[in-house]
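S.K.: here you go, sequence then predicted model.
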Amino acid sequence: MGLPPATVARLLEEGRTHECAESPEICMKLVAVADLPTRFGEYQVAAFWSNHDRRDHAAFIHGDIFEKERVPVRIHSECLTGDAIGSLRCDCRDQLIASLERIAREPAGVVLYLRQEGRGIGFANKIRAYQLQDAGFDTVQANEALGFRPDEREYGFAAHMLGSLHIRSIEIMTNNPAKVEDLRRHGVEIVDRIPLVIPPNERNREYLETKRKKMGHWLDDEQTDEPALPAGGAVSGGP
């Protein structure tokens, strides 16, 4: 059972009339919701449109998440080469599949799919970064050589989507401390962290090690037994 029809109608009406008065710099409008049976389980797909990047973003919803607390949430950034083609240079596809499978086993949960290819630098620049990595740069050095920060993503999109779906608090599925910090900064209440550690393959081992060492990602196997969230506590509020 997903979102009931009456709830869907309410959310769509709120999206239609929403003016983003509180955060006009990033406005996410819910524009459509439909059933989406998948190989992982029963989902609904919600389409959002953003005035910030003028792109469509998606929420894949399992169960009834309306006004719920402690909702398991994966915030996944687009990776064409990994998600669609199965690239071994990253672990994006594996993380997406693991998230969909895990959430399908829960009473309710959400995968947000953000159109932030290449950690926010776009597809063409991501391939330019791959060229530099082929020449010996690591993933951080390659981004910086192109004039970018190691991670250019913005999670205000996700915060706004969670607020539009009336999710009160979340258990975040991530290994990325910067994602936790940015979501909190945007007012999302995070009550727990669900580790999402994917064993490396021979082609992405150095890439993952760079993310652990230079970007602080929680990727050590033993860290899955550590406290789920770093000190600092959750911050409540809407997007």
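M.R.: Nice, thanks for sending it over. Numbering: from 1, shown residues only.
S.K.: check the residue of the chain most remote from its centre and give its pLDDT.
M.R.: Computed with CA atoms, centre = their mean, the maximum C-alpha offset from the centroid of the chain is found at residue 135, amounting to 29.6 Å. Looking at residue 135, its pLDDT is 97.
S.K.: look up how far residue 141 lies from the nearest residue to residue 11 once chain neighbours are set aside.
M.R.: Nearest residue to residue 11 in three dimensions, chain neighbours excluded: residue 30, at 5.7 Å (CB to CB, 6 or more residues apart in numbering). Any C-beta I mention is one placed from the backbone N, CA and C, and that applies to glycine too. Separation of residue 30 from residue 141 (CB to CB, to the nearest Å): 39 Å.
S.K.: ok, now which ones touch the residue nearest the centre of the chain?
M.R.: Among the residues of the chain, the one closest to the centroid is residue 75, at 1.5 Å (CA atoms, centre = their mean). The contact partners of residue 75, taken as CB atoms under 8 Å, 6 or more residues apart in numbering, are 112, 114, 155, 158, 172, 174, 179, 183.
S.K.: how about CSV for the residues you listed, with distance to residue 211, secondary structure and neighbour count added?
M.R.: What follows is the contacts of residue 75, written out as CSV (distance: CB to CB, whole Å; DSSP: H, G, I helix; E, B strand; the rest coil; neighbours: other CB atoms under 10 Å):
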residue, distance to residue 211, secondary structure, neighbour count
112, 20, strand, 23
114, 18, strand, 23
155, 17, coil, 27
158, 19, helix, 29
172, 17, strand, 24
174, 12, coil, 22
179, 12, helix, 20
183, 18, helix, 25
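S.K.: among the residues you listed, which one sits closest to residue 87?
M.R.: Distance to residue 87 across those (CB to CB) is lowest for residue 114, with 18.4 Å.
S.K.: so which strand or helix has the residue nearest to residue 11?
M.R.: strand 28-38 (DSSP states H and E).
S.K.: partner strands of that strand, with direction?
M.R.: Strand 28-38 pairs in its sheet with strand 41-50 (antiparallel), by DSSP bridges.
S.K.: list the buried residues of the strand it pairs with.
M.R.: 43-46, 48-50 (16 or more other CB atoms under 10 Å).
S.K.: of those, the lowest pLDDT goes to which?
M.R.: residue 50 (87).
S.K.: for that one, what are its contacts?
M.R.: 26-29, 56-57, 157.
S.K.: quickly note the distance from it to residue 30.
M.R.: 11 Å.
S.K.: so residue 115 sits against residue 49, correct?
M.R.: No: counting by CB atoms under 8 Å, residue 115 sits too far from residue 49 to count as a contact (10.8 Å).
S.K.: residues shared between the contacts of the two?
M.R.: Overlap between the contact sets of residue 115 and residue 49, as judged by CB under 8 Å, 6+ apart, is given by 55-57.
S.K.: so which of the residues you listed is surrounded by the most neighbours?
M.R.: residue 57 (21 neighbours; other CB atoms under 10 Å).
S.K.: checking that residue next. Helix, strand or coil?
M.R.: At residue 57 the chain is in strand, as set by DSSP: H, G, I helix; E, B strand; the rest coil.
S.K.: and it, what does it touch?
M.R.: Counting by CB under 8 Å, 6+ apart, residue 57 touches 28, 47-50, 112-115, 157, 161.
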